[in-house]
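1. A predicted structure for the sequence below; I have some questions about it.
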Amino acid sequence: MKKITQEVNDFINRSMDTHVRIAVTGLSRAGKTAFITSLVNQLLHTSTHDNLPLLAAARDKRLIGAKRVPQSNMMVPRFAYDEAMEHTQQQPPKWPEPTRDVSEIRLAIKYKPKSKTKKLISSTSTLHVDIIDYPGEWLLDLPLLDMNFHQWSVSQFAALKGKRKELAQDWLAKLDALDLDAPLDEKKLSEVSESYTQYLYACKEAGLHWVQPGRFVLPGELDGAPVLQFFPCRFNEEAKFVKGSNLEMLNARYSQYQNKVVKAFYKHHFSTFDRQIVLVDCLQPLNAGYEAFHDMRHALEQIMHSFRYGRSNMLKRLFAPRIDKVLFAATKADHVTPEQHPNLVSLLQQMVHPAWQNASYENIDMSCMTMASIQATKTGYINQDGQSIPALQGVTLDERAITVFPGEVPKKLPGEAYWEKQGFEFTAFRPQIVSQDDPLPHIRMDKALDYLIGDKLK
Ligand SMILES: Nc1nc2c(ncn2[C@@H]2O[C@H](COP(=O)(O)OP(=O)(O)OP(=O)(O)O)[C@@H](O)[C@H]2O)c(=O)[nH]1
Ligand SMILES: [Mg+2]
């Protein structure tokens, strides 16, 4: 009887839309922490401010208010909202600290339902929203589940071109000096892995974000564990691993990584998400140049594989996928003047759409937009030779008040000539000073919220 009651309650909760888990991801520095901080901040202010006009429930005055409640998953660290807010409230304001691991926060949103069924039960409803922050780099590891150690090694050597090859020299030299068939020497393996990890960090610093294994650069609680100490090797696929050798251990660590790290993430975290927002910083690679830009596109394509649940798919074998909406958002739109925003969306669409259309993303709705979680600039016009041109005003990280026109965002994926001819240069700004009683200034956070939870607030 108890079981039936529980099942009935679960069914009601699901069909009544009282709970939704929203996952926020993006490559490092994409703006995840700023996004979640602003999202929570906006919802906490909605009862007193008209800060979310593009969220239908808020516009219709059906949102009564939101509050923070203890998270349901006690095994995941709490998202550091208060710490992030403290940063933005400092004089001068600062950006939140970089984060390295998964974290979670829960809100309860009280609203007046529009739907007849919900109204029948009560005049007010509550939607519980879990927001989960996790590094996008972890999604880059999905292809590892379909490759054995040899196949993965081959794929890594094939990618060693251009800048990557330059950056890999130290690791390659250490790898050449290692005898793979010699008896296991843990210290040596740890040295070569360290050098491989440094190479991956160097790639990221050079703006090359497609790095595998993704956990090596964002290890979270696994920092220093042997499961993160392996690297691609050149060896004969046919040959048997010598018992007790370095190579045998590297192979064992690779399979542990597949099972205990990659699979575990998909099973215990990813499988619980209902909606996903992928934040993309298109401006950083525009600043960095051609190779960085195309690398970002490749990384995004890889990230998209995690939303593909075709029939014979690896993910479907692991769990029953639940994500039904994915939003790709170009962040930090306050870095460019408003008339450039359509170009920014079009650029993001060009990076995302072709890969999306070529694959079978069954039953998943997808959308692209631009936004700024915490708007750091004001827009206006400057007069140049009698002509008025759009400009941004803001305060730089070293406290200089400046007015700039950062440049045009290309509408299409730029070729190499773009960087030779004009390129793009944006300045980093610190957040604006805002009173503690007011919500953080933003651009289209409400539009993002409407896409992510609008239907649940009906
Ligand atoms: N102007 C502007 N800058 C932003 C915005 N969001 C993020 N940034 C900038 O991007 C940096 C990274 O933002 P975070 O929110 O920390 O990004 P993250 O994805 O959480 O980064 P990691 O935790 O390091 O992976 C910030 O320090 C800001 O400099 C925004 O809305 N506007
Ligand atoms: Mg962060």
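-> Perfect, I can see it now. Ligands and ions are numbered 1, 2, ... in the order given.
2. what about the strands in the chain?
-> 19-26, 63-69, 103-111, 125-133, 275-280, 325-330, 365-370, 378-384, 387-395, 401-404 (DSSP state E).
3. what comes up buried for the second one?
-> Put plainly, it is strand 63-69. Buried residues in strand 63-69, defined by neighbour count with 16 or more other CB atoms under 10 Å: 63, 66. Every C-beta, even on glycine, is put in place using the N, C-alpha and C of the backbone.
4. Need the residues that contact it.
-> For strand 63-69, the external contacting residues (CB atoms under 8 Å, 6 or more residues apart in numbering) are 40, 43-44, 46-47, 52, 55, 57, 81, 105-112, 124, 128, 457.
5. circling back to that earlier point, got the strands of the chain as TSV, with mean pLDDT and distance to D146 columns?
-> Below are the strands of the chain laid out as TSV (pLDDT from 0 to 100; distance: least, CB to CB, whole Å):
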stretch	mean pLDDT	distance to D146
strand 19-26	96	21
strand 63-69	94	39
strand 103-111	96	29
strand 125-133	95	25
strand 275-280	96	21
strand 325-330	96	21
strand 365-370	93	23
strand 378-384	87	47
strand 387-395	91	45
strand 401-404	91	46
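6. Pipe these into a markdown table and attach distance to ligand 1 per row.
-> As requested, the strands of the chain are arranged in a markdown table below (distance: least, CB to the nearest ligand atom, whole Å):
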| stretch | distance to ligand 1 |
| --- | --- |
| strand 19-26 | 5 |
| strand 63-69 | 19 |
| strand 103-111 | 10 |
| strand 125-133 | 7 |
| strand 275-280 | 7 |
| strand 325-330 | 10 |
| strand 365-370 | 11 |
| strand 378-384 | 12 |
| strand 387-395 | 8 |
| strand 401-404 | 13 |
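7. Of all the ones you listed, which one comes closest to ligand 2?
-> strand 125-133 (6.3 Å; CB to the ion).
8. which one is the residue of the stretch 101-250 of the chain found nearest ligand 1 nearest to, not counting chain neighbours?
-> Relative to ligand 1, the nearest point of the stretch 101-250 of the chain is P135 (6.0 Å; CB to the nearest ligand atom). Excluding the flanking residues, the one nearest P135 by CB to CB, 6 or more residues apart in numbering is L218, at 4.4 Å.
9. Identify the residues contacting that neighbour.
-> Contacts of L218 (CB under 8 Å, 6+ apart): 28, 100-101, 135, 137-138.
10. 7 Å instead, please
-> By CB atoms under 7 Å, 6 or more residues apart in numbering, L218 lies in contact with 28, 100, 135, 137.
11. Could you check how many residues crowd around the last one?
-> Meaning E137. Neighbour count of E137, defined by other CB atoms under 10 Å: 25.
12. please begin residue numbering at 350 from this point
-> Noted, 350 is the first residue going forward, which turns the last one into E486.
13. Skip the chain neighbours and tell me the closest residue to it.
-> Of all residues beyond its chain neighbours, the one nearest E486 is G563 (3.5 Å), with distances taken as CB to CB, 6+ apart.
14. follow-up on the earlier one: report the two of the contacts of L567 separated the most.
-> R449 and E486 (10.4 Å; CB to CB).
15. Surely A517 and Y548 touch.
-> Yes. Counting by CB atoms under 7 Å, Y548 is a contact partner of A517 at 5.1 Å.
16. In contact with the residue of the stretch 450-599 of the chain closest to ligand 1, which residues?
-> 374, 377, 567.
17. burial measure for A648, as a count.
-> By other CB under 10 Å, 23 other residues sit near A648.
18. what's near enough to touch it?
-> Contacts of A648 by CB under 7 Å, 6+ apart are 376, 489, 558-559.
19. and the gap between it and L392?
-> Distance, A648 to L392, by CB to CB, to the nearest Å: 30 Å.
20. what residues does the stretch 400-549 of the chain put near ligand 2?
-> T448 (CB under 5 Å from the ion).
21. Once you drop chain neighbours, what's closest to the closest residue to ligand 2 within the stretch 400-549 of the chain?
-> Closest contact between the stretch 400-549 of the chain and ligand 2, by CB to the ion, is at T448 (3.4 Å). Counting by CB to CB, 6+ apart, T448 lies nearest to T382, which is 5.5 Å off, once chain neighbours are set aside.
22. Verify the stated contact: the one you found with P445.
-> Yes. Judged on CB under 7 Å, T382 makes contact with P445 at a distance of 4.6 Å.
23. Quickly list what's touching both of the two.
-> Residues touching both T382 and P445 (CB under 7 Å, 6+ apart) are A433.
24. More neighbours: which of these two?
-> Set T382 next to P445 and count neighbours by other CB under 10 Å: T382 wins out with 24 against 20.
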